[in-house]
Structures are given as structure tokens and as C-alpha cells.
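In: Take this sequence and fold it.
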Amino acid sequence: MLAIFKEHRGFWTPEHKRSLYFGIMLILIALVVHLAAGFYSADKAAIAPSVHDLFLDNLPVVNLDFLIVGGNIIFFWIIPVILFAVRPRYLLFAVKAIALFVIIRAFFTTLTHIGIYPDGAMPSAANLGYSFYELVNFQGNLFFSGHTGYPFLIALIFWNNVFWRRFYVGATVVFAAAVLLAHVHYSIDVFAAPFIVYGIYTLAARFFPDDFALSVSSRI
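Out: Residues are numbered from 1 along each chain as shown. Predicted coordinates:
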């Protein structure tokens with residue numbers, strides 16, 4: 001059992017510890033920025049009109065609460081945390097890339113305010129994990145889709161590992177389809193997400209080259 005943590009042996013040098021502490025600080029800053037942007041956007045979106053959408057106007061509404069809420073917790077939190085805990089070489093770059101993702105997405109959500117699509121199957125409080133989900137999701141928190149963008153970012157971080165790359169590219173497609181079928185995101189939120197996230201990933205690689213070099217040399 002302990003063999004899966006073999007990469008930890010000798011890894012946590014003072015330099016790597018400082019890198020992790022800096023990443024954690026960035027994550028905390030990102031969460032504050034996200035919450036501030038979320039509350040601001042929610043107030044604006046509450047009084048904003050909805051708009052027509054080529055896909056949503058023609059797709060049936062499907063209630064996919066179990067995937068949008070429960071799947072969010074499993075695929076976006078539990079599995080990545082386990083992977084990063086086992087392979088800290090990914091962790092150092094991942095915490096910084098994720099922080100950058102949260103900050104940039106928070107900035108985008110404050111720019112344009114559109115009301116939610118009128119017939120969307122919004123997540124219900126009856127869902128397991130809804131209380132946690134509600135803490136980090138806000139009305140009007142639309143562009144770009146975090147359900148699409150976040151798993152794609154994880155896929156990029158693990159790109160040199162075939163299994164996890166395919167797993168999270170698949171998760172990206174599944175969650176993109178889910179939020180469209182549930183009508184909880186506009187199609188522009190979904191289709192723009194991978195392109196923006198690739199830009200975020202590239203920026204993170206430029207900003208944190210040493211951590212990026214560690215991550216791309218890793219294998220799981």
C-alpha cells in the first residue's frame with residue numbers, strides 16, 4: 001500500500017515545500033476572488049434577461065442533477081486530490097494552474113451578465129453534496145463553463161499519461177453534454193471553455209516553468 005507513495009521519498013526538499021506553500025497561498029487568494037466575483041455576478045444576473053441559444057432552443061431538457069452535482073464532487077475533487085497526493089510532482093504545478101484557472105474565470109464572470117436559461121433543470125437541494133456544491137457555484141456564474149473547463153485542465157496537466165488524459169478528456173465531453181442537456185449553461189460557455197483553458201494552461205507553464213517541467217517528466 002505504501003508503495004504508491006514512493007515518489008514522496010526525498011521529494012519534499014525545502015525548495016519543493018516553498019513551492020507548495022506558494023501554490024496553497026495562490027489557491028486561497030483564488031477562492032477569495034471567486035467568492036467576491038460570484039456574489040457580485042449573482043446580484044447582476046438575478047435581474048438580467050435570458051437570451052436565445054441555438055442549441056438550448058432545440059435540445060430537450062434533461063434532469064442530470066446526479067451528474068452535475070455528484071459527478072462534480074467525484075471527478076473534480078476526490079479523484080484529482082488522490083492523484084495529486086500520490087504524485088506530488090503533478091501537485092506543485094497543478095495547484096498553481098488551478099488557482100490561475102479560478103482567478104481568470106472569476107474575472108470573466110464579472111464582465112457580462114445574462115440571466116439563466118428559463119427552462120433549465122437547476123440542481124436541487126435534495127442531491128447528495130448539494131450544500132458543498134452551492135458554496136462554490138452562483139447564479140450568473142456562466143462564462144466560461146467550469147464543468148467543461150476544469151476537467152479539460154486536469155486532462156492537460158496529466159497529458160503525458162495516456163489513461164488519465166483519455167479519462168479526463170472523456171469527462172470533459174460528458175460534462176459538456178450534461179450542462180447543455182440540463183440547460184444550465186449556454187452553448188458559448190461550453191464551446192469556449194477548452195480554448196480558454198488551453199490558454200490558461202500555457203500561461204501557467206510560462207509563469208511556473210520549474211513546476212511545469214516536473215509535471216511533464218512525471219508518469220503514473
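
In: tell me the contacts of the spatially most central residue of the chain?
Out: The chain has Tyr150 as the residue nearest its centroid, 2.6 Å off, counting by C-alpha atoms, centre = their mean. If a contact means C-beta atoms under 8 Å, 6 or more residues apart in numbering, then Tyr150 has Phe76, Ile98, Phe101, Val197 as its contacts. C-beta: built from backbone N, CA, C; applies to glycine.

In: now, the most widely separated pair of the residues you listed?
Out: Across the contacts of Tyr150, the longest distance by C-beta to C-beta is 13.3 Å; it joins Phe76 and Val197.

In: before we move on, back to that, so where does the residue nearest to the centre of the chain fall, helix or strand?
Out: helix 146-157 (DSSP states H and E).

In: thinking again about what came up before, among the contacts of Tyr150, which ones are in helices?
Out: Ile98, Phe101, Val197 (DSSP state H).

In: Just give me the neighbour total for the second one.
Out: Each residue near Phe101 was counted by other C-beta atoms under 10 Å, and the total is 22.

In: Same question for the last one.
Out: Under the neighbour criterion other C-beta under 10 Å, Val197 is assigned a count of 27.

In: Quick check: closest non-adjacent residue to it.
Out: Gly149 (4.5 Å; C-beta to C-beta, 6 or more residues apart in numbering).

In: where do the helices sit along this protein?
Out: Under DSSP H, the chain gives helices at 14-46, 65, 72-73, 79-86, 88-109, 130-135, 146-157, 162-181, 187-207, 209-216.

In: hmm, back to that, for the helix holding Tyr150, C-alpha coordinates in PDB please.
Out: Provided in PDB are the C-alpha atoms of helix 146-157 (Å, rounded to 0.1, in the frame of the first residue of the first chain):
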ATOM      1  CA  GLY A 146     -16.300  25.300 -15.100                       C
ATOM      2  CA  HIS A 147     -17.900  21.900 -15.700                       C
ATOM      3  CA  THR A 148     -16.300  21.800 -19.100                       C
ATOM      4  CA  GLY A 149     -13.100  23.700 -18.400                       C
ATOM      5  CA  TYR A 150     -11.900  22.200 -15.200                       C
ATOM      6  CA  PRO A 151     -11.800  18.500 -16.300                       C
ATOM      7  CA  PHE A 152     -10.000  19.700 -19.500                       C
ATOM      8  CA  LEU A 153      -7.400  21.400 -17.400                       C
ATOM      9  CA  ILE A 154      -6.900  18.200 -15.400                       C
ATOM     10  CA  ALA A 155      -6.500  16.400 -18.800                       C
ATOM     11  CA  LEU A 156      -3.800  18.800 -19.800                       C
ATOM     12  CA  ILE A 157      -2.000  18.500 -16.500                       C
END
